[in-house]
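A.B. asks: I'd like to go over a predicted model; first the sequence, then the structure.
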Amino acid sequence: MNAALFAIKTFVGFILIYFLIILSAAEGATVEEKQITLDQLIQGGLISLGLTVVITLAVAKLKGFKPRPDLVEHLNTL
């Protein structure tokens with residue numbers, strides 16, 4: 001599986017987990033308390049994105065990922 005696909009799957013998984021946590025916390029709450037604010041959505045997205053980056057980098061390091069030499073050379077010239 002390539003790294004981009006793994007990162008996308010991980011990100012989607014974390015977003016789903018975040019929403020499940022919010023929904024399970026809202027059980028038995030009133031209608032006003034169940035409303036998800038934009039701040040909560042942004043916070044969940046940022047947390048999910050951060051965890052995705054960390055886990056993807058960790059898995060790449062464990063699997064011995066080596067970046068393409070031409071890409072490294074291009075980045076070094078910037």
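C.D. replies: Cool, the structure landed. Residues are numbered from 1 along each chain as shown.
A.B. asks: what's the model's confidence in stretch 23-30, averaged?
C.D. replies: Per-residue pLDDT values over stretch 23-30 give a mean of 69.
A.B. asks: low-scoring stretches of the protein, by residue?
C.D. replies: In the prediction, the chain carries residues with pLDDT under 70 at positions 1, 26, 28-36, 38.
A.B. asks: could you pull out the helices for it?
C.D. replies: 3-25, 31-34, 38-62, 69-77 (DSSP state H).
A.B. asks: list the buried ones in the third one?
C.D. replies: Put plainly, it is helix 38-62. Buried residues in helix 38-62, counting neighbours by 16 or more other CB atoms under 10 Å, are found at Gly44, Ser48, Leu51, Thr52, Ile55, Thr56. Using the backbone N, CA and C atoms, a C-beta is placed for each residue, glycine as well.
A.B. asks: who touches that helix?
C.D. replies: Contact with helix 38-62 is made by Ala3, Phe6, Ala7, Thr10, Phe11, Phe14, Ile15, Tyr18, Phe19, Ile22, as judged by CB atoms under 8 Å, 6 or more residues apart in numbering.
A.B. asks: Show me which of those residues are buried.
C.D. replies: Buried subset of the contacts of helix 38-62 (neighbour count, 16+ other CB under 10 Å): Phe6, Ala7, Thr10, Phe11, Phe14, Ile15, Tyr18.
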